[in-house]
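Visitor: Sequence below, structure please.
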Amino acid sequence: MEKLNLNSELLKPMKEQLEIIINRLTNVVATQNKEAEITLKINLNTTKRYEEIDGEEPNVVEWIEPIISYQISEKIKEFKNTNKGNLGFDYELRVDENNNEVYVGKVNQQITILED
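Guide: So this is what the prediction gives:
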C-alpha cells in the first residue's frame with residue numbers, strides 16, 4: 001500500500017498526461033505570445049468488490065475499489081480585440097413606405113440640384 005498522492009501508481013497516468021499538457025502549452029505561451037488555460041476535473045467514487053478464493057477461509061475476499069475518472073481540458077486563448085463606437089449622430093433615417101427601403105443621410109447636408 002502507498003499513500004494516495006500525485007506520485008502514487010494509481011494516479012501516475014493522470015499526472016503524466018497533465019505534465020505533457022503543461023509542457024506543450026508552456027511552449028505555445030513562450031513562443032507564440034498567447035495565453036493558455038488548463039482545467040482538471042476529477043470525479044471520485046468507490047465500489048465494493050468481491051473475489052472467491054478456493055481452499056482458504058474465509059473463501060470470499062471483499063475490498064473497496066476506488067473509481068477515479070479525470071478530464072483535462074486545454075484551451076489556447078487567442079488575442080481578443082474589441083472596437084466599440086456609436087454611429088448615427090448628425091444623420092437622418094427615412095423609410096420609403098412604398099418599398100420599405102431604408103435611407104440615411106446627413107442632417108442639413110447641402111445637396112446639389114442633380115442630387116435632388
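
Visitor: Helices of this structure, residue ranges please.
Guide: With helices called from DSSP state H, the chain shows them at 12-32.

Visitor: Give me the residue at the spatial middle of it.
Guide: K75 (5.6 Å; C-alpha atoms, centre = their mean).

Visitor: Provide a list of residues in contact with I20.
Guide: By C-beta atoms under 8 Å, 6 or more residues apart in numbering, no residues touch I20. (Glycine included, C-beta is placed from N, CA and C.)

Visitor: circling back to that earlier point, how many neighbours does the nearest residue to the residue nearest to the centre of the chain once chain neighbours are set aside have?
Guide: Distances taken as C-beta to C-beta, 6 or more residues apart in numbering put E37 closest to K75, at 4.7 Å, once the chain neighbours are dropped. For E37, the neighbour count with other C-beta atoms under 10 Å is 10.

Visitor: my guess is E37 meets E78, correct?
Guide: No: with contacts counted by C-beta atoms under 8 Å, E37 stays clear of E78, the gap being 11.9 Å.

Visitor: low-scoring stretches of this structure, by residue?
Guide: Counting by pLDDT under 70, the chain shows low-confidence ranges at 56, 79-84, 86-93, 104-106, 109-116.

Visitor: go with 90
Guide: 1-12, 28-30, 32-37, 43-63, 65, 75-116 (pLDDT under 90).

Visitor: For beta bridges, what are the partners of I64?
Guide: When bridges are called by DSSP bridges, I64 pairs up with K48.

Visitor: and the gap between it and N5?
Guide: As judged by C-beta to C-beta, to the nearest Å, I64 and N5 stand 19 Å apart.

Visitor: With K12 instead?
Guide: 11 Å.
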